[in-house]
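Chemist: Turn this into a structure:
(one chain, ligands or ions: 1)
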Amino acid sequence: MFKITWRNLVFLCVVAIPNTCFTFGILYIINSIVAGRNVLFAAYQAPVFFLLVVLSFGLNVFLQRKIIAFTFHSIYRNEMKIFHCLQRTSLQQLEKIGPERIYSIVEDVRLFVFFPNVITTTISSTLSLFIGIVYYFVLSAYSALIVVALIGLIGLIYKLARKSIFSKVMLLRSLNDVYFKVVDDMIRGFKELKMSSVKSDNLFNDFLGENRAHVRDVETTVGNRYSVMNLFNQYGLYLLIGVILFVLPLFKLLEPTEVISFVVILLFILGPLSNLLNTQNFFVKVRVANKRITAFMEELEVIQLAADNDGIKEPLEIMETLRFEGVSYQHVDEQTEASFVLGPLDFTIRKGETIFVIGGNGSGKSTFINCLTGLYQPSAGNIYLNGKKICNNDARYKDQISAIFTDNHLFSRNYDSYSLSGNKAYEHLLKLMKLDKVVADDDDASARRKFSKGQSKRMAMVFALLDEKPFMVLDEWAADQDPYFRRYFYEEMLPMLKAAGKTIIAVTHDDAYFKHADRILKFDYGTIVKDIRPREKEIEAASLWEL
Ligand SMILES: Nc1ncnc2c1ncn2[C@@H]1O[C@H](COP(=O)(O)OP(=O)(O)OP(=O)(O)O)[C@@H](O)[C@H]1O
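Modeler: Next comes the predicted model:
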């Protein structure tokens, strides 16, 4: 994800070395003047001082610009990579991951917007610390060793404390995933919660409240550890000043003039040292975010390998026959470990057929539709298009199908390659779907206004027909229509679509209209238990519900 490569490191060193020299020069001049010593180039000390300041400033501006560009390019690249993976992942994987994890990962990526500030602070602080230490050694090697050992000790304690914080921050992020899930329930289930004070209170107290209380406790622990670390850092530095002022002169390791220089240098590195310790908080979060993003991408990429078969460019033949041979698919609910098996399915669909898919609740109709439309990849069996074996995840196969699902979604923008304004086919379809009085003009915004459920399905039908694909899959499309439109759909629209050569697979419970199908496939416990042609043999609709 966010990797500092060797090239980046070499670049940082190339910029850091001259910058170190400039900063060292600035410190040398300040220190010599304060301690009353002669500067090497006394006659030019003022111009040299200002020149060094300007050069160091210029170099830092250059460095910061590079870091800012690197950071925002990395954020952009990672965001695009996540959404590219999502675009290519399968429905089963998306269902497994869950939307809350995606929101949370996107939040993890955004954490890196603070990267430029922190990294520049880290680089400049490390530089200043390095210069201070070198200067200590120039003045007195033994005393420098003692001071460095004490600074090292403070750093080591900080590092150990940071290690213990890592697991807590990791826990906080996974609590955040659960939090998003409950918030999602709160927003999507708003109406249901309003209607049930028990559910509402339980969600609020037992789930949201518990999650937030857990987060509060872990954050308090993390906050306490950081505050102890910061106090330790602050008082550790006081101790260091005490050692320089009292202990080193006592053992004759420092002369009084050197004490002043040591304190001046310490004051110079005090800020950078505190900065370095304080930025650890950010680095812990960054490590956690990096680990989570990497794991998320790996999870998606594993699925990509299985799904990524659509690089082939030759067009696929238009469907004349579609054959399922021994096709099966298995759902496994990870929480309850319950499983549902669809299939094995063996049947052939012919071009122009109007097929109704029926069956009781949970019999596998929607799972079958997801396999048919290529949203689920079968775990066994083969699919043949015009006799040739295909992978149902092939984009060229899916591009032959218009599907309207039970939970259809109307997009907020026009992502199609055609425009609605002045579109005659669109105007005609609005009339056909009796929406011409609801959608007053051919503006894109009017087509994406808030519709009633039934209207929204009709609008989805308008868009599906505008796609002009030969194969239509409708999952309980008529369920939300009023009796008038339902009759119109089965008795007028379906024959019209059939006459236009469309192959239609419609999931339905409307037994009053079963006679309008060329064929009925009845599902039970995931298998096709009846395959009937009502036009050839009159059937009693009620008999179809019997096993
Ligand atoms: N994403 C999923 N993960 C695990 N199990 C699932 C998933 N989706 C569906 N199932 C299970 O698969 C079975 C078939 O569900 P499916 O939605 O295909 O039935 P259906 O015939 O369309 O039902 P309905 O008429 O109620 O819409 C059910 O037992 C359901 O619990």
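Chemist: The residue in the stretch 51-200 of the chain positioned nearest to the ligand: which element?
Modeler: Closest residue of the stretch 51-200 of the chain to the ligand, C-beta to the nearest ligand atom: Glu95 (4.7 Å). Quick note: C-beta positions are derived from backbone N, CA and C, even for glycine. Assigned by DSSP states H and E, Glu95 belongs to helix 91-97.
Chemist: Check Tyr384 too.
Modeler: Per DSSP H and E: strand 380-385 holds Tyr384.
Chemist: So what's the model's average confidence on that strand?
Modeler: For strand 380-385, mean pLDDT is 92.
Chemist: from the chain's centre, how far out does the helix or strand that it is followed by sit?
Modeler: Sequence-wise, the next helix or strand downstream of strand 380-385 (DSSP H and E) is strand 388-390. Centre-to-centre, strand 388-390 and its host chain are 34 Å apart (C-alpha atoms, centre = their mean, to the nearest Å).
Chemist: and if you look at stretch 198-212?
Modeler: Using C-alpha atoms, centre = their mean, the offset of stretch 198-212 from its chain centre is 26 Å.
Chemist: Can you get me a residue count around the residue of the stretch 51-200 of the chain closest to the ligand?
Modeler: By other C-beta atoms under 10 Å, 13 other residues sit near Glu95.
Chemist: so what's it up against?
Modeler: Neighbour list for Glu95: empty [criterion: C-beta atoms under 8 Å, 6 or more residues apart in numbering].
Chemist: Start at 892, not 1
Modeler: Sounds good: first residue 892 from here, last item Glu986.
Chemist: measure the closest residue to Lys1085 other than its chain neighbours to Ala934 for me?
Modeler: Distances taken as C-beta to C-beta, 6 or more residues apart in numbering place Ser1091 nearest to Lys1085, at 7.2 Å, with adjacent residues excluded. The gap separating Ser1091 from Ala934 is 81 Å, by C-beta to C-beta, to the nearest Å.
Chemist: These two: who's more crowded?
Modeler: Ser1091 (16 against 8).
Chemist: secondary structure element for the more buried one?
Modeler: Here Ser1091 is assigned to helix 1088-1093, by DSSP H and E.
Chemist: got it, and Ala1294?
Modeler: strand 1292-1295.
Chemist: mind listing what's buried in the helix or strand following that strand?
Modeler: Later in the chain than strand 1292-1295, the nearest helix or strand by DSSP H and E is helix 1315-1323. Going by neighbour count (16 or more other C-beta atoms under 10 Å), the buried part of helix 1315-1323 is Tyr1317, Leu1320, Leu1321, Leu1323.
Chemist: which residues does the first one contact?
Modeler: Read it as Tyr1317. Contacts of Tyr1317 by C-beta under 8 Å, 6+ apart are Leu1311, Asp1333, Val1353, Leu1357.
Chemist: And the spatially closest residue to Ser1230 that is not a sequence neighbour, its phi and psi?
Modeler: Nearest residue to Ser1230, sequence neighbours excluded (C-beta to C-beta, 6+ apart): Val1223, at 4.7 Å. In this entry, Val1223 is assigned phi and psi values of phi -130, psi 120 (degrees, to the nearest 10).
Chemist: For this structure, list the residues in contact with the ligand, please.
Modeler: Applying C-beta under 6 Å from any ligand atom, we find that the chain lies next to the ligand at Glu986, His1222, Asp1224, Phe1231, Gly1250, Asn1252, Gly1253, Ser1254, Gly1255, Lys1256, Ser1257, Thr1258.
Chemist: Determine the three-state secondary structure at the closest residue to Lys1182 other than its chain neighbours.
Modeler: Leaving aside its sequence neighbours, Lys1182 sits nearest to Met1061 (C-beta to C-beta, 6+ apart; 7.4 Å). Under DSSP: H, G, I helix; E, B strand; the rest coil, the three-state class of Met1061 is helix.
Chemist: Can you tell me, leaving aside adjacent residues, what's nearest to Asp999?
Modeler: Closest to Asp999 by C-beta to C-beta, 6+ apart is Ala1180, at 4.0 Å.
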